[in-house]
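**Q** Generate coordinates for the sequence data below:
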Amino acid sequence: VVDCFPKEFREGMEQRSGILGDQRENHPRNWILPVRNGPALTGAVPPGTRLPRVELREVDIVVQLRATAPDRAVLEVEARRLATLAGRGASLEAVEWLTGAHGEGDGYFRDHFGYLDGISQPRPRLPGIGDNSAAVLERDRVQPGEVLLGYGNDRGDSAPAPFVTLDDWRRKPRREARELQLNGTFLVVRKIGEDVARFDAWLDQSAAPIAAQLGIDAASARALLKAAVMGRDEAGRPLARPDAGALNDFDYGQDGAGRQCPFAAHIRRANPRRIVPGGGLPPLSQDETLTRAEFDRPTPRLLRRAMLFGHRQDGPDKAGLMFMAYNASIAEQYEVIQRWLNGGNSTDQAAANNDPLTGVLPKDPPGLFQFIASDAAGQPQVVRVPLPAFTPAPGLTGISEPGRHPFTPLRWGLYLFVPSRRALDR
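**A** You can find the predicted model right below:
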């Protein structure tokens, strides 16, 4: 049955790193694998025992436990209880402690860099279920098959049909796989460190030359650079339309030259919001003649819910963000967006100008972040800011060439299948 699941899920993120653009500093040989702390938690070994880190190919099941109490002890008790229920050959190997911190309203939260995250979210069109109110932006509405398995999607694919033309021995496992997948989804997990000290130092160092070029003060230059990197200011307002009534109610239709929001900005790389005439599903805005599309296909969307680990002052080895994204097709949704972040051409811009916050650096540093800003006289100026080089770091396997990403070192990643409650009951 598992062999009938999509190839990208069966191969996993580690094996598909080349497809994602996870090269050099983000290559799996540079990953910092999970600490094998499960045996100590369950009492299988004494606390403090040094054990080999968990190879991701060992992982078969991931369980998410959530609690509203700040005390970790509640989760520890439940984790131990679940470990006792594990069947023969199964054991609790690793626990990742995370913090929700979604206290900014509408499920938003602030990462360790201070950016407001979780703003742009798709809303499936579920008849009689979910948020189908007029308050939901039309641009955010997607077909159920963008998030849940077993339904039609925005790309024109209908719900999976019975495999009536196949011989029974081939049809049976495919039918069972389809039944298992119904109302489930795929979850992409990436554990990403956040080097707040180095990011802040880069902003501080770059502020003076930007201020001199534009004729503004250093504090304004620093804020300008930080907003340009993300494509939003610290309040979450989009640079493409700062006066938007809703934080996600904008596109780049009036910013074809990238003067308001840089082409390489994180949110523009991840969601180019290209508009094309002719209508389609779902419409881009209230104007039914426009639809979102990249290269004649609807722009992929991800339902994201990230959580934090560590504290911002702890450094990238102990602090960062656990990126989690739900999607019905890893290959046609998540992997497309990740390639864009790592330099794939999503905005008619050279691949060398990739996402400065999370994208891989050029093979021959230094990298360069380029954007357009108005000077004190209101004239547009092209601002070029060198990116810091790789962070030297010893590899756990003896391999760390060329080093870690200066801002957001990738620790590890997984592709997971999330079954529906009905599938679990079966």
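**Q** Double-check R72 against L98; I have them as touching.
**A** No - using C-beta atoms under 8 Å, R72 makes no contact with L98, being 10.8 Å away. For the C-beta atoms, the positions are set from N, CA and C on the backbone; glycine is no exception.
**Q** In space, not sequence, find me the middle residue of this protein.
**A** By C-alpha atoms, centre = their mean, the chain has its centre lying nearest to F323, at 5.1 Å.
**Q** surely that one meets L187?
**A** No - between F323 and L187 there is no contact under C-beta under 8 Å: 10.5 Å.
**Q** who has more neighbours, R72 and L98?
**A** A side-by-side neighbour count of R72 and L98, using other C-beta atoms under 10 Å, places L98 first with 18 against 12.
**Q** Quick one: residues contacting that one.
**A** 307-309, 322 (C-beta atoms under 8 Å, 6 or more residues apart in numbering).
**Q** need those residues in CSV with pLDDT, secondary structure and neighbour count, can you?
**A** Listed next are those as CSV, based on pLDDT from 0 to 100; DSSP: H, G, I helix; E, B strand; the rest coil; neighbours: other C-beta atoms under 10 Å:
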residue, pLDDT, secondary structure, neighbour count
M307, 93, strand, 18
L308, 94, strand, 21
F309, 94, strand, 20
M322, 96, strand, 17
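**Q** out of those, which one sits closest to T391?
**A** Proximity to T391 was ranked across the contacts of L98 by C-beta to C-beta; first place goes to F309, at 18.6 Å.
**Q** In terms of pLDDT, where does G403 sit?
**A** pLDDT, G403: 78.
**Q** Convert the helix or strand E8 falls within to PDB, retaining C-alpha atoms only.
**A** Using DSSP states H and E, E8 maps to helix 7-15. Taking C-alpha atoms only, helix 7-15 is exported to PDB below (Å, rounded to 0.1, in the frame of the first residue of the first chain):
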ATOM      1  CA  LYS A   7       7.200   9.000  -5.100                       C
ATOM      2  CA  GLU A   8       8.300  12.200  -3.500                       C
ATOM      3  CA  PHE A   9       6.800  11.100  -0.100                       C
ATOM      4  CA  ARG A  10       8.500   7.700  -0.300                       C
ATOM      5  CA  GLU A  11      11.900   9.200  -1.200                       C
ATOM      6  CA  GLY A  12      11.800  11.900   1.500                       C
ATOM      7  CA  MET A  13      13.300  15.300   1.700                       C
ATOM      8  CA  GLU A  14      16.800  14.100   2.300                       C
ATOM      9  CA  GLN A  15      17.000  12.100  -0.900                       C
END
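**Q** Report the mean per-residue pLDDT for it.
**A** Averaged across helix 7-15, pLDDT comes to 97.
**Q** give me the element the residue nearest to the centre of the chain is part of.
**A** Assigned by DSSP H and E, F323 falls in strand 320-327.
**Q** thinking again about what came up before, with adjacent residues omitted, what lies nearest to the residue nearest to the centre of the chain?
**A** Nearest non-adjacent residue to F323, counting by C-beta to C-beta, 6 or more residues apart in numbering: R190, 4.3 Å away.
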